[in-house]
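>>> I'd like to go over a predicted model; first the sequence, then the structure.
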Amino acid sequence: MKHNLHQQFQIIFNKEAEKAYFSPGRVNLIGEHIDYNGGLVMPCAITFGTYVLVSPNNDHVFRFRSLNFDDKLDIPLKETYKKTGESWFNYPLGIIDYFLQDSHQLQGLDMLYYGDIPISSGLSSSASIEVVTAYMLNDLFNGGYTKLELVQLGKQVENVFIGVNCGIMDQFAVAFGEKDKALMLNCDTLEYEAVNTNLGDYVLAIINTNKPRKLAESKYNERVQECQTALKTLQQELDIQNLCDIDSGTFKKHQHLITEGTVLKRAQHVIEENDRVKLAAKALADGNLQSFGQLMYASHDSLKNLYEVSGKELDAVVEYSQTNPNVAGARMTGAGFGGCAIALVKESAFDTFSKEVTDYYTEKIGYAPSVYSSLIGDGVGLLKETLNTNI
Ligand code: GLA
């Protein structure tokens, strides 16, 4: 994709950008709302992402510009920063703050951001901008952090500076993603394996509901809280650190402890979803995409009925998918409350799928979704060929 970012940088800052970096967004194939419960997840990095072009300055000022948003910020180099309003630049500002708190000497920077991840689509534009900024600062100022530490600091900034109690999946996926691979990540131990996404004659479709997401952050934090309540209750009888330390068999024996209906439903989703990821990993390894697809549908059903993070828009995509024999499976991906669904669609039937799901959705919801055929790409990195023609 060519956006002439170097030329834009030159126009905005009246000088050349010295370096350029990219971090992707992600989709999660299965394992939803269990990263913050020590579960197994299966995300992949996608080829949409966030670019940042940068050049240090001697003015002791951080200048943030974006080609996606009009709001910009010029802020002098200080000892610490706080989140101000809801602007996009809070994410990179939070990362800068982390570096400063961790005693790194920074210099002023002129930065131009551009992202081609649809905003608020649940494809992790926030993790992408956090990780690309952390990677850039680490590189420019010899921060000495490992990639895993950059992931952890990105999550920390999201939790504390931004105020969303997310798990580690998104930052991990956008940092460690590999082309054509899904990451089987254990969110408790942070051990992972990059597994081949051997989709045979299927492709992964991403369907953006284009639903404006409201209150998603507070509802997300509410779910995290409910899981913590479930864990505390189960700990009366079980020696566990995370909900995902037990399987559904063990859960059945102890679920009577949880007397609050909502909390019980949340815990049931988490524990059964973790079991589903194990089955899905086996199905993928065996090349059994029908079985993988059935697990996707089961995951969606649970997110809809037990975890209650779907909505009529995401449900409409899955409802349509179930009527199409060329779709092996579909589900919402990411936090939910709008955002994107994914579907495993026969490559030869993708165009028909795209048209029919659009018609079905538009008829039911009143506006159109956006449908993409997704490519699984690499994680964060420095763009070596920073030629004007490349980005
Ligand atoms: C968001 C969070 C992740 C994860 C997903 C749901 O994307 O940032 O940590 O919890 O929701 O699986």
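Alright, I've got the coordinates. On a predicted model such as this, the values are computed, not experimentally measured, just so you know.

>>> okay, CA-based contacts and neighbour counts for the rest of this
OK.

>>> residues in contact with residue 273?
Residue 273 makes contacts with 31, 32, 34, 299, 302, as judged by C-alpha atoms under 8 Å, 6 or more residues apart in numbering.

>>> Quick one: name whatever helix or strand follows the top helix by length along the chain.
The helix that spans the most residues within the chain, counting by DSSP state H, is helix 261-285. Following helix 261-285 in sequence order, the next helix or strand is helix 289-305 (DSSP states H and E).

>>> got the angle for that next one vs helix 261-285?
Helix 289-305 and helix 261-285 are oriented at 170 degrees to each other (axes from the mean of the first three to the mean of the last three C-alpha atoms, to 10 degrees).

>>> Next, the buried residues of helix 289-305.
Neighbour-count burial for helix 289-305 flags 289, 291-304 (criterion: 16 or more other C-alpha atoms under 10 Å).

>>> Mind exporting the C-alpha coordinates of whichever helix or strand comes after that helix to PDB?
Heading C-terminal from helix 289-305, the first helix or strand you meet, by DSSP H and E, is helix 312-323. C-alpha atoms of helix 312-323 as PDB (Å, rounded to 0.1, in the frame of the first residue of the first chain):
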ATOM      1  CA  LYS A 312     -27.400  -8.200  17.000                       C
ATOM      2  CA  GLU A 313     -24.800  -7.000  14.500                       C
ATOM      3  CA  LEU A 314     -22.200  -9.800  15.200                       C
ATOM      4  CA  ASP A 315     -25.000 -12.300  15.500                       C
ATOM      5  CA  ALA A 316     -26.400 -11.400  12.100                       C
ATOM      6  CA  VAL A 317     -23.000 -12.300  10.500                       C
ATOM      7  CA  VAL A 318     -22.900 -15.600  12.200                       C
ATOM      8  CA  GLU A 319     -26.600 -16.400  11.500                       C
ATOM      9  CA  TYR A 320     -26.000 -15.800   7.800                       C
ATOM     10  CA  SER A 321     -22.800 -17.800   7.800                       C
ATOM     11  CA  GLN A 322     -24.700 -20.800   9.300                       C
ATOM     12  CA  THR A 323     -26.900 -20.900   6.200                       C
END
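
>>> could we number from 32 for the rest of this?
Will do, 32 is the new start, and the previous item becomes helix 343-354.

>>> related to what we said a few turns ago, what's the closest of the buried residues of helix 320-336 to the ligand?
Comparing those against the ligand with C-alpha to the nearest ligand atom places residue 334 closest, at 10.0 Å.

>>> Pull the contacting residues for the closest one.
63, 300, 340, 341.

>>> What's the local residue count around the second one?
In this case it means residue 300. 24 (other C-alpha atoms under 10 Å).

>>> now swap in the third one and tell me
For residue 340, the number of neighbouring residues by other C-alpha under 10 Å comes to 22.
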